[in-house]
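1. Requesting a structural model of the entry that follows:
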Amino acid sequence: MASRLFPVVKFVVKGSLAGGAVYVAYDQGLLGSSKQGAEALRKAQAALPPAIQEWTNYVGWELPSTPKFDFSVSESWNKGVHTAVSALSVAPTRAREYTQKGWKYVKDLAK
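-> Reported below is the predicted structural model:
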């Protein structure tokens, strides 16, 4: 009986963790607009260094300082979306071209 119950418990625990992660992401605004996502990133960047410093002081480790960089999430996201949509828009044309080249190659081999 216990051997049959373990996979169910394992599934429930994994499902609960995944559901909790989605809830936290939604609650923090990560699944909202790009402005909400950028605001959540700013909050995380402000909250993480003090928390990590407190943890390293507790454990007794010394970590190097984190590098500072200026990175716009919304610009990167928009560029990624633009690239993906551009690739999808030319996909039918490229598929037709490659199919034609493939048929030509096969016909040339058959001669």
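2. Can you tell me the SS state at residue 31?
-> In the three-state summary, residue 31 is assigned as coil, counting by DSSP: H, G, I helix; E, B strand; the rest coil.
3. what's the burial count for the closest residue in space to it that isn't next to it in sequence?
-> In space, residue 31 comes closest to residue 25 once its chain neighbours are excluded; the distance is 5.6 Å by Cβ to Cβ, 6 or more residues apart in numbering. To be clear about C-beta, it is placed using only N, CA and C from the backbone, and glycine gets the same treatment. Residue 25 has 14 neighbours, counted by other Cβ atoms under 10 Å.
4. my guess is residue 25 contacts residue 32, does it?
-> No. Proximity of residue 25 to residue 32 does not meet the contact threshold set by Cβ atoms under 8 Å, at 9.8 Å.
5. for this structure, what are the low-confidence residue spans?
-> Scanning the chain for pLDDT under 70 picks out the ranges 1-2, 66, 69, 71-75, 77.
6. Can you check which helix is longest in it?
-> Longest helix in the chain, counting residues (DSSP state H): helix 73-110.
7. With only the CA atoms kept, save stretch 36-47 in PDB.
-> Listed next in PDB are the C-alpha coordinates belonging to stretch 36-47 (Å, rounded to 0.1, in the frame of the first residue of the first chain):
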ATOM      1  CA  GLN A  36       4.700  45.400 -13.700                       C
ATOM      2  CA  GLY A  37       7.500  42.900 -14.600                       C
ATOM      3  CA  ALA A  38      10.100  45.700 -14.600                       C
ATOM      4  CA  GLU A  39       8.800  47.000 -11.200                       C
ATOM      5  CA  ALA A  40       9.000  43.400  -9.800                       C
ATOM      6  CA  LEU A  41      12.600  43.200 -11.100                       C
ATOM      7  CA  ARG A  42      13.500  46.500  -9.400                       C
ATOM      8  CA  LYS A  43      12.000  45.300  -6.100                       C
ATOM      9  CA  ALA A  44      14.000  42.100  -6.300                       C
ATOM     10  CA  GLN A  45      17.200  43.900  -7.100                       C
ATOM     11  CA  ALA A  46      16.600  46.100  -4.100                       C
ATOM     12  CA  ALA A  47      15.700  43.300  -1.700                       C
END
